[in-house]
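[1] Here's my sequence, what's the structure:
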Amino acid sequence: MNDYIIRGMAAGNQVRFFACNSTETVEKSRITHNTSPVVTCALGRLLTGGVLMGAMCKNDNDKLTIRIQCQGPIQGLLVTADSKGNVKGYVSEPEVLLPATEVAKAIDLGVMSVIKDIGLKEPYVGQTHLVSSEIAEDLTYYFATSDQIPSSVALGVLLNDDTSVKNAGGFIIQLLPFAEESVISSLEQRLKDFSFTRMLESGMTVEQIIDKLFEGFEPVITDRMPCAYVCDCSKERVEQAVISLGRKEIASMIDDNEPVEVVCDFCHTKYTFSTEELLNILQEGKTTR
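    Numbers count the residues shown, from 1 in each chain. I've put the predicted structure just below:
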């Protein structure tokens with residue numbers, strides 16, 4: 001089944017939810033980056049969180065980036081998502097040799113930054129310290145501190161014996177300002193030991209899981225859309241990265257008289273720039289420094 005996201009409201013519009021099955025998305029990431037099991041789980045959780053937060057964007061051209069800089073052996077992760085269900089990511093160290101359950105140890109202490117590009121002159125940047133390094137709890141803390149929105153985030157990745165991805169998915173639940181205390185208390189109880197990925201493993205759909213969580217609260221799904229691991233790189237985009245190096249660095253490359261190869265961090269596609277192409281960049285005055 002292809003991955004997808006659902007969005008909706010529950011409890012008489014007192015609660016909004018975003019939920020997804022991201023199994024194929026995380027598996028593509030695993031294959032692309034050749035990640036060890038613990039890194040598959042860490043990056044998979046962040047990809048799932050990112051694609052859900054991308055679905056929260058209001059405009060078609062909005063983009064969101066989540067960056068984790070950390071002291072653990074994983075060193076750092078970055079995920080970028082848009083409002084259409086597309087997400088991509090990469091990790092600084094893809095081969096951390098720890099058990100798959102040791103995500104927090106692989107990440108350790110660090111900082112999470114959420115960058116929202118919503119068409120303004122400068123993107124909005126929110127930053128929080130990691131509170132548990134389990135990612136779901138860190139995003140929950142981010143929503144509470146940066147957005148002042150009481151939220152519950154669940155993100156999970158289950159692996160097969162061959163380390164491929166068996167199931168991945170999660171949800172973000174947010175309380176609206178007028179949510180009644182009875183609704184809040186009930187949800188707090190229901191969320192204890194509520195495992196989204198175990199329910200996926202049992203054969204339940206995302207809709208069935210949400211129905212179970214909000215039983216009696218009349219959940220209404222307002223939207224469904226596909227999600228996937230998609231890289232939108234191109235030679236034109238990569239050329240901009242080359243241009244940003246500046247005239248001096250590009251001139252040095254030309255002096256070497258060898259083609260320059262640039263590899264996309266997100267999908268590992270290789271782009272080659274000949275000496276003539278580099279010379280054209282300088283001659284056309286594309287660099288600003």
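[2] Can you show me the CA trace of stretch 169-181 as PDB?
    This file holds the C-alpha atoms of stretch 169-181, laid out as PDB (Å, rounded to 0.1, in the frame of the first residue of the first chain):
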ATOM      1  CA  GLY A 169       4.100   5.900  10.800                       C
ATOM      2  CA  GLY A 170       2.800   8.300  13.400                       C
ATOM      3  CA  PHE A 171       0.500  11.100  14.400                       C
ATOM      4  CA  ILE A 172       0.400  14.600  15.700                       C
ATOM      5  CA  ILE A 173      -2.600  15.500  17.800                       C
ATOM      6  CA  GLN A 174      -3.200  19.100  18.900                       C
ATOM      7  CA  LEU A 175      -5.700  20.600  21.300                       C
ATOM      8  CA  LEU A 176      -7.400  23.800  20.300                       C
ATOM      9  CA  PRO A 177      -7.800  26.600  22.800                       C
ATOM     10  CA  PHE A 178     -11.400  25.700  23.800                       C
ATOM     11  CA  ALA A 179     -10.700  22.000  24.400                       C
ATOM     12  CA  GLU A 180     -12.700  20.800  27.500                       C
ATOM     13  CA  GLU A 181     -10.900  19.300  30.500                       C
END
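[3] and that stretch, average pLDDT?
    Stretch 169-181 carries an average pLDDT of 93.
[4] and it, which residues are buried?
    By 16 or more other C-beta atoms under 10 Å, the buried positions in stretch 169-181 come out as 169-175, 179. C-beta here means a position set from N, CA and C on the backbone, and glycine is covered the same way.
[5] which regions of the stretch 151-289 of the chain sit below the pLDDT cut-off?
    Along the stretch 151-289 of the chain, segments meeting pLDDT under 70 span 284-289.
[6] what about the helices in it?
    Secondary structure of the stretch 151-289 of the chain (DSSP state H, counting those that start in this stretch): helices located at 181-191, 196-201, 206-213, 235-243, 247-256, 275-283.
[7] If we only consider the buried residues of stretch 169-181, which is nearest to Val103?
    Gly170 (13.6 Å; C-beta to C-beta).
[8] Distance check, the spatially closest residue to that closest one that is not a sequence neighbour against Arg30.
    Nearest non-adjacent residue to Gly170, counting by C-beta to C-beta, 6 or more residues apart in numbering: Leu155, 3.8 Å away. According to C-beta to C-beta, to the nearest Å, Leu155 and Arg30 sit 15 Å apart.
[9] same thing with Asn167?
    With distances taken as C-beta to C-beta, Asn167 is found 13 Å from Arg30.
[10] Between those two, which has more neighbouring residues?
    It is Arg30, of Asn167 and Arg30, that has more neighbours when counted by other C-beta atoms under 10 Å, with 25 against 20.
[11] dump the residue contacts of the more buried one.
    Counting by C-beta atoms under 8 Å, 6 or more residues apart in numbering, Arg30 touches 40, 44, 163-165.
[12] Mind checking what helix or strand follows the one helix or strand it maps to in sequence?
    Under the criterion of DSSP states H and E, Arg30 resides in helix 23-33. Next along the chain after helix 23-33, taking DSSP H and E as the criterion, comes helix 37-54.
[13] how about the nearest residue to Met53, chain neighbours excluded?
    Spatially, and ignoring its direct neighbours in sequence, Met53 is nearest to Leu64 (5.4 Å; C-beta to C-beta, 6+ apart).
[14] Three-state assignment for that neighbour, please.
    strand (DSSP: H, G, I helix; E, B strand; the rest coil).
[15] Quick check: beta-bridge partners of it?
    Leu64 has these beta-bridge partners by DSSP bridges: Ala81, Lys116.
[16] Quickly note the distance from it to Asn86.
    Here Leu64 is placed at a distance of 11 Å from Asn86 (C-beta to C-beta).
[17] Mind listing the shared neighbours of the two?
    Gly54.
[18] between the two, which one's more packed in?
    Neighbours per residue (other C-beta under 10 Å) separate Leu64 from Asn86, with Leu64 holding more: 24 against 19.
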